[in-house]
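Undergrad: Please work out how this folds:
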Amino acid sequence: MSQNGQTGHNGTTADPGAGAEQQLRRTLGFRDLVVYGLLFIAPMAPVGVFGTLDAKSHGAVALVYLVATVAMGFTAFSYAQMVRVVPQAGSVFAYARAGLGNGAGFIAGWMAMLDYVLIPAVAYLFSGIAMEALVPEVSRWVWTAIAVVVTTLLNLWGVRTAARVGFLVLAMEIVVLVVFVITAIVVLAQDGAERDWLSPLSGDGTQGAFALSAVVGAVSVAVLSYLGFDAIATFAEEVTGGSAKVARALLFCLALAGVLFVAQTYLVALLEPVSSAQLAAEPERQGSAFYDAVDASVGTWLHDLVAVSKAIGAAFAALAGQAAAGRLLFAMGRDRRLPGALSRTDSGVPRVALLVSAVITMAAAVWAARRDDGLDHLVSVVDVGALTAFTLLHASVVGWFVVRRGGGGAVRWVRHLLVPVLGAAITVAVIVEASGTAQVVGAIWLAVGLAVLAAQWRGRRDAERAGG
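TA: Numbering: from 1, shown residues only. From the prediction side, this is the model:
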């Protein structure tokens with residue numbers, strides 16, 4: 001048993017006295033983990049932000065995703081380090097608790113809640129918007145609510161069932177992506193490219209010479225496409241074959257997502273008839289830039305196919321996010337950092353935590369769907385919570401392996417110090433580049449978390465005095 005009641009390599013639960021009502025069932029394999037990770041990320045995640053990134057990077061959008069993949073690789077590597085020694089459902093909550101102490105663990109979990117609860121709300125809203133475009137007679141908030149109900153029922157049914165259905169949806173998304181890639185290659189071979197063949201990696205030249213600062217600025221937005229791959233770690237207590245499988249799935253999922261993102265943005269940039277300078281001058285065109293490029297170069301049929309895929313895929317990205325949020329609430333409830341009722345399970349499924357997560361997500365998603373500026377409000381805050389949690393994750397690696405020497409052997413300075421320090425520097429830099437609204441909301445949420453933590457400490461201290 002590790003320090004602070006954490007798990008060791010055997011994967012037992014954090015509380016040695018936890019009963020069957022606090023146990024999760026081990027039913028997931030490597031494929032299931034990758035399915036959840038890719039569902040949460042979404043293979044065609046760049047579709048919605050392509051125009052913004054193209055304008056910001058001066059046309060070097062494929063390079064942006066290449067750099068972003070490497071940058072997020074540091075975070076994936078730190079996750080892989082910690083999941084091997086703390087294979088718990090709480091993910092970053094459990095890791096920070098082990099490496100930095102109980103207080104830091106609570107704050108890490110508290111900040112991650114912004115990500116895990118609101119990202120599904122954003123995905124549900126994307127699904128509602130796409131369905132309203134296809135069936136305008138029905139309001140987007142109705143479609144959004146329907147998506148929440150359907151995916152919640154699948155999650156309540158069990159993680160294995162949700163993974164099976166998710167695999168079918170992911171397969172559909174991959175097929176659509178393959179159709180797009182093949183069609184784009186055929187069009188490029190027949191008609192040639194609208195831009196220079198190297199422009200997706202070097203810029204299209206319409207906003208001046210290549211600017212590294214422009215690429216770095218765009219990376220701060222592109223990393224949001226990867227948020228969700230870390231959800232794999234929340235299933236550490238439900239995987240068969242040990243935590244090493246979770247670590248492999250984390251790294252594999254991020255690498256595969258990076259390849260998919262770079263490939264599709266490279267191709268669509270070559271098809272894009274509008275320059276990056278025009279997109280920068282007309283920001284209202286950025287949101288539909290991917291669809292417009294496909295429509296102009298290939299045809300409406302592929303435009304509609306991609307739109308339908310995004311509608312269904314977004315709902316199931318939310319399914320994976322809701323499942324991860326439920327595991328985080330379960331773990332924090334089991335540790336009595338949140339109400340203990342959240343740690344109850346039914347046939348190995350944390351249904352109470354899932355329902356609480358679903359109610360919060362439903363409220364946020366439907367509220368946003370009924371407002372014209374709802375999407376902007378949601379998107380502006382989801383990144384700060386995740387990136388703050390990632391920063392504490394990197395600190396946990398240093399705390400566990402270097403300070404506490406929890407690894408039980410010699411410190412490996414590259415993986416236990418250099419990599420997490422560089423990873424933390426990257427996440428802090430991205431937080432600094434975030435919008436002012438996101439920073440304010442993140443600071444308020446952090447202040448509330450600190451107040452809750454202080455109240456818990458006072459309550460425990462008073463209980464100890466009364467008992468003494």
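Undergrad: tell me how far the ends of stretch 82-94 are from each other?
TA: 9 Å (C-alpha to C-alpha, to the nearest Å).
Undergrad: my bad, should have said stretch 236-243
TA: End to end - C-alpha to C-alpha - stretch 236-243 spans 6 Å.
Undergrad: List phi and psi for D196.
TA: phi -60, psi 140 (degrees, to the nearest 10).
Undergrad: In contact with it: list those residues for me.
TA: By C-beta atoms under 8 Å, 6 or more residues apart in numbering, the contact set of D196 is S202, D204, G205. All C-beta spots, glycine's among them, are computed from the backbone N, C-alpha and C.
Undergrad: For V219, give me its contacts.
TA: V219 makes contact with V64, V67, A68, A71, V430 under the criterion C-beta under 8 Å, 6+ apart.
Undergrad: Which pLDDT value belongs to D191?
TA: At D191, the model reports a pLDDT of 90.
Undergrad: Against I185, how distant is it?
TA: Computed as C-beta to C-beta, to the nearest Å, the D191 to I185 distance reads 11 Å.
Undergrad: L417 now?
TA: Counting by C-beta to C-beta - L417 and I185 are separated by 44 Å.
Undergrad: What of Q456?
TA: Q456 sits at a distance of 57 Å from I185 (criterion: C-beta to C-beta).
Undergrad: How about L378?
TA: Taking C-beta to C-beta, one finds L378 at 35 Å from I185.
Undergrad: rewinding a little: output the contacts of V219 in a markdown table; the columns should cover neighbour count.
TA: Shown next, in a markdown table, are those (neighbours: other C-beta atoms under 10 Å):
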| residue | neighbour count |
| --- | --- |
| V64 | 32 |
| V67 | 19 |
| A68 | 26 |
| A71 | 22 |
| V430 | 25 |
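Undergrad: re the thing from before, can you pick out the residue with more neighbours from Q456 and I185?
TA: Q456 (15 against 12; other C-beta atoms under 10 Å).
Undergrad: What's the local residue count around V403?
TA: By other C-beta under 10 Å, the residues close to V403 number 12.
Undergrad: where's it relative to V414, distance?
TA: The spacing between V403 and V414, counted by C-beta to C-beta, is 17 Å.
Undergrad: same check, this time on V274
TA: Per C-beta to C-beta, V274 is found 44 Å from V414.
Undergrad: okay, those two: which has more neighbours?
TA: Using other C-beta under 10 Å as the criterion, V274 and V414 rank with V274 on top: 20 against 8.
Undergrad: Next, give phi and psi for the more buried one.
TA: phi -100, psi 130.
Undergrad: check contacts around it.
TA: So V274 contacts R285, A289, D292, A293 (C-beta under 8 Å, 6+ apart).
Undergrad: Closest to V356 out of those?
TA: Within those, proximity to V356 (C-beta to C-beta) peaks at A289, which comes in at 37.8 Å.
Undergrad: That closest one - how many residues pack around it?
TA: A289 has 27 nearby residues by other C-beta under 10 Å.
Undergrad: Quick check: chain neighbours aside, which residue is closest to it?
TA: Leaving aside its chain neighbours, A289 sits nearest to G51 (2.9 Å; criterion: C-beta to C-beta, 6 or more residues apart in numbering).
Undergrad: hey, C-alpha coordinates of whatever helix or strand the one you found lives in in CSV?
TA: Counting by DSSP states H and E, the element that carries G51 is helix 50-56. C-alpha atoms of helix 50-56 as CSV (Å, rounded to 0.1, in the frame of the first residue of the first chain):
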residue,chain,number,x,y,z
PHE,A,50,-10.1,24.6,-38.7
GLY,A,51,-11.0,28.1,-39.9
THR,A,52,-9.9,29.7,-36.6
LEU,A,53,-6.6,27.8,-36.6
ASP,A,54,-6.0,28.5,-40.3
ALA,A,55,-6.4,32.3,-39.7
LYS,A,56,-4.4,32.3,-36.5
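Undergrad: Show me what that helix is packed up against.
TA: With contacts taken as 3 or more C-beta pairs under 8 Å, 6 or more residues apart in numbering; DSSP states H and E, helix 50-56 sits against helix 61-85, helix 212-222, helix 243-271, helix 276-281, helix 289-297.
Undergrad: which ones are touching Y79?
TA: Neighbouring residues of Y79 by C-beta under 8 Å, 6+ apart: S91, Y95, D230, A233, A247, L250, L393.
Undergrad: Next step: these restricted to helices.
TA: Counted as lying in helices by DSSP state H, out of these, are Y95, A247, L250, L393.
Undergrad: before we move on, back to that, please pick the buried ones from the contacts of V274.
TA: Neighbour counting with 16 or more other C-beta atoms under 10 Å marks A289, D292, A293 as buried within the contacts of V274.
Undergrad: Turn the residues you listed into a markdown table, columns for pLDDT.
TA: Formatted as a markdown table, these follow (pLDDT from 0 to 100):
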| residue | pLDDT |
| --- | --- |
| A289 | 84 |
| D292 | 84 |
| A293 | 87 |
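Undergrad: so which of those comes closest to L387?
TA: The closest of the buried ones among the contacts of V274, once distances to L387 are taken by C-beta to C-beta, is A289, at 25.5 Å.
Undergrad: Return the distance of the closest one relative to A369.
TA: Separation of A289 from A369 (C-beta to C-beta) stands at 23 Å.
Undergrad: S220 contacts T427, correct?
TA: No - taking C-beta atoms under 8 Å as the definition, S220 is not a contact partner of T427, at 10.4 Å.
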